[in-house]
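The following comprises the amino acid sequence and a computationally predicted model.
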Amino acid sequence: MPRRPLGRRLPLAFSPFMRSLAFASTARRRLPHPKDCQCSEEISFDEKIPNLSQKEKEKQILESSDEEDSEGEVQADFEFFDPKATDFHGAKILLQSYLDDKEWDLTGFVDLILDQTTVGTVVKVAEDEDESLFALVTALNLARYKDNKSFRELREFLLKVCPEKNVASDLKLLLEKKAKDVGLLVSQRVTNLPPQLLPPLYDGLFDEISWATEDEPTQELRRSFHFKSYILVTKIYKLKNPKQKNPRRGEEDSEETIFLKPEDEIFLELSSWSFTFPMRSQLVTAQEMKNYQLTGLVMVVEAEKIPKFRQKLKSLIDEQ
């Protein structure tokens, strides 16, 4: 059964630069309707444009306005649903680059997400016959699925890409001995999901986790949602040469880090520890991003910090 719809009509519109950035990995697709944009990466909604002068940025805004006037805004009503088996294709598309370009049991991973219907949400457009997925969010207990092939390969991947020995020891402890208390927080979405959906999306997830600790039919299942910490695997853009980030005349200083999802900056601020690793895949090749490298980011956030996260996320979105 669907959960209560948000009942909002929200425009999905981008400047030309943001469209080229967000859809570079699916360049053959157009953006006439949101159901056609099934790319697996995210881009932040503050439209940070590195290495552009103020004059160039104003030009981008004018071009965006002209294009939106000619094409019109795309409107959509979004609804939250429990995951189900028929969401498999859409979920797999969203997660296709979750572990960089590694070949792993993604099919098994998606099956686990869709089988866990009491905790987890997918976002769709109301009355969309194709039932395209715009977002998914869930939390999976590391110990509960430790023998699953996809989780074994996930653990191997994270331990392999962790560059620091002291962090690697903490990571190994979290993935193995402390796994029963750890939730893998998975959050993937299409690039143009309106940011106003983020607070209710995360509120729904953490509320469901709380309810599951009381409502699941067995003590074992209830215990599996008593998370003490969460581990997140996400992506950011990092400046390749931070020491050379001084702008040329007429340009603004480059951001050292660009967060593809705005909430990741909050998670990182609240994290107990984190590490980054270079990724072989690259989302965009746009000239504006030539000095940036797509980088994996792994974070650990204590469960006690989640109320603060929810508060900060709401404040962030309200400011936009």
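Everything's here; your move.

Output the contacting helices and strands for the helix or strand hosting residue 139.
Residue 139 is part of strand 135-141, with elements assigned from DSSP states H and E. Packed against strand 135-141, as judged by 3 or more C-beta pairs under 8 Å, 6 or more residues apart in numbering; DSSP states H and E, are the following elements: helix 88-94, helix 106-115, strand 121-125, strand 182-189, helix 198-215. From N, CA and C alone the C-beta is placed, and that goes for glycine too.

Now do the helices in the stretch 201-320 of the chain.
Along the stretch 201-320 of the chain, counting by DSSP state H, counting those that start in this stretch, helices occupy 219-224, 262-270, 306-319.

now swap in the stretch 1-150 of the chain and tell me
Using DSSP H, counting those that start in this stretch, helices in the stretch 1-150 of the chain cover 16-22, 54-71, 88-94, 106-115, 149-161.

which residues touch residue 264?
232, 234, 236, 297, 299 (C-beta atoms under 8 Å, 6 or more residues apart in numbering).

Can you name the two of these that sit furthest apart?
232 and 236 (11.6 Å; C-beta to C-beta).

what touches both of these two?
Listed contacts common to residue 232 and residue 236 are 264, 297; contacts here mean C-beta under 8 Å, 6+ apart.

Show me how far stretch 294-307 is from its chain's centre.
Stretch 294-307 sits 12 Å away from the centroid of its parent chain (C-alpha atoms, centre = their mean, to the nearest Å).

And for that stretch, what's in contact with it?
In contact with stretch 294-307 (C-beta under 8 Å, 6+ apart) are residues 100, 158, 161-162, 170-171, 174, 183, 185, 206, 227-238, 264, 267-268, 270-279, 281-283, 309.

Type out the PyMOL command that picks the buried ones from the residues you listed.
Buried members of the contacts of stretch 294-307, defined by 16 or more other C-beta atoms under 10 Å, are picked up in PyMOL with:
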select buried, resi 100+158+161+162+170+171+174+183+185+206+227+229+230+231+232+233+234+235+236+237+238+264+267+268+270+271+275+276+279+283+309
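
Show me the contacts of stretch 294-307 that map onto strands.
The strands, defined by DSSP state E, take in 183, 185, 229-238, 273-278 from the contacts of stretch 294-307.

and stretch 220-236, how far apart are its ends?
36 Å (C-alpha to C-alpha, to the nearest Å).

Mind checking the pLDDT average for it?
In this model, stretch 220-236 has a mean pLDDT of 97.

got it, and stretch 265-274?
97.

tell me the contacts of residue 273?
Residue 273 neighbours (C-beta under 8 Å, 6+ apart): 167, 170, 299-300.

Among the residues you listed, which one has the most neighbours?
With neighbours taken as other C-beta atoms under 10 Å, the top of those is residue 299, carrying 21 neighbours.

Quickly note the distance from that residue to residue 176.
Distance of residue 299 to residue 176, computed by C-beta to C-beta, to the nearest Å: 18 Å.

Same question for residue 90.
Relative to residue 176, and taking C-beta to C-beta, residue 90 is found at 32 Å.

Neighbour count: these two, which is higher?
residue 90 (23 against 14).

Double-check that one against residue 133; I have them as touching.
Yes - the pair residue 90 / residue 133 is scored as a contact, 3.2 Å apart, by C-beta atoms under 8 Å.

least trustworthy helix or strand in this protein by mean pLDDT?
One helix or strand of the chain scores below all others by mean pLDDT, DSSP states H and E: helix 16-22, with a mean of 35.

hang on, the earlier thing: with distance to residue 145 added, can I get the helices of the stretch 201-320 of the chain in a markdown table?
Listed next are the helices of the stretch 201-320 of the chain as a markdown table, based on distance: least, C-beta to C-beta, whole Å:
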| stretch | distance to residue 145 |
| --- | --- |
| helix 219-224 | 10 |
| helix 262-270 | 22 |
| helix 306-319 | 21 |
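
Pick the most buried one from the ones you listed.
helix 262-270 (a mean of 19; mean count of other C-beta atoms under 10 Å).

Output it as PDB - backbone C-alpha positions only.
Coordinates of each C-alpha in helix 262-270 appear next as PDB, following Å, rounded to 0.1, in the frame of the first residue of the first chain:
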ATOM      1  CA  PRO A 262      23.600  18.300   0.100                       C
ATOM      2  CA  GLU A 263      22.900  16.000   3.100                       C
ATOM      3  CA  ASP A 264      26.300  14.400   2.700                       C
ATOM      4  CA  GLU A 265      28.000  17.600   4.000                       C
ATOM      5  CA  ILE A 266      25.900  17.300   7.100                       C
ATOM      6  CA  PHE A 267      26.700  13.600   7.500                       C
ATOM      7  CA  LEU A 268      30.400  14.400   7.200                       C
ATOM      8  CA  GLU A 269      30.200  17.100   9.800                       C
ATOM      9  CA  LEU A 270      28.600  14.700  12.200                       C
END
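
Now do it and helix 306-319, the angle between them.
Using axes from the mean of the first three to the mean of the last three C-alpha atoms, to 10 degrees, the direction of helix 262-270 lies 140 degrees away from that of helix 306-319.
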